[in-house]
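Asks: This is a predicted model, with the sequence first.
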Amino acid sequence: MSNTEIVRSLYEAFGEGDVETAFGLMAPDIEWREAENQPSAEGNPYVGPQEVGEGVFGLLMAAFEGFQVAPETFVAEGDHVVALGRYTGTHRASGAPLDAAFAHVWTVRDGTLVAFQQHTDTAQMSRIMG
């Protein structure tokens, strides 16, 4: 499987609610970094799937109804894959809609996701999540 196919399969697994498969693609010591000034960036770097699940996805699922991550384009070079797409959802407390572009930079080694760096509209997320 190519690096791009590995990254695509992670998004597909998350989209289907198959968290076990998605986290299984990650190295036990994956380094996950949320975008600077993102509300979830306080825990940077998250190390390992459990920290990612609790610190990132736990926060997002609690804060947003119908949260979706929709990658549209993938660009690969060496062991890096960049996914470009959009986040959507509705903030539970305020009802404010989320519609933000993202760039995710993945590092893949030996078929395993070892690093993640998020880039997104942090002003929108901060405004919505207040």
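Replies: Okay, I see it.
Asks: dump the residue contacts of the residue sitting furthest away from the middle of the chain.
Replies: Farthest-out residue of the chain from its mean C-alpha position, per CA atoms, centre = their mean: residue 94, at 22.5 Å. By CB atoms under 8 Å, 6 or more residues apart in numbering, residue 94 lies in contact with 128, 130. C-betas here are computed from N, CA, C, even on glycine.
Asks: ok but it is inside a strand, no?
Replies: No: read with DSSP: H, G, I helix; E, B strand; the rest coil, residue 94 is coil and lies in no strand.
Asks: how far away is it from residue 130?
Replies: Distance, residue 94 to residue 130, using CB to CB, to the nearest Å: 7 Å.
Asks: for stretch 4-24, how far is the first residue from the last?
Replies: Stretch 4-24 has an end-to-end distance of 16 Å (CA to CA, to the nearest Å).
Asks: Relative to the whole chain's centre, how far out is that stretch?
Replies: How far stretch 4-24 lies from its chain's middle: 11 Å, per CA atoms, centre = their mean, to the nearest Å.
Asks: Could you do stretch 20-27 as well?
Replies: The chain centroid and the centroid of stretch 20-27 are separated by 13 Å under CA atoms, centre = their mean.
Asks: Kind regards, and thank you for your time.
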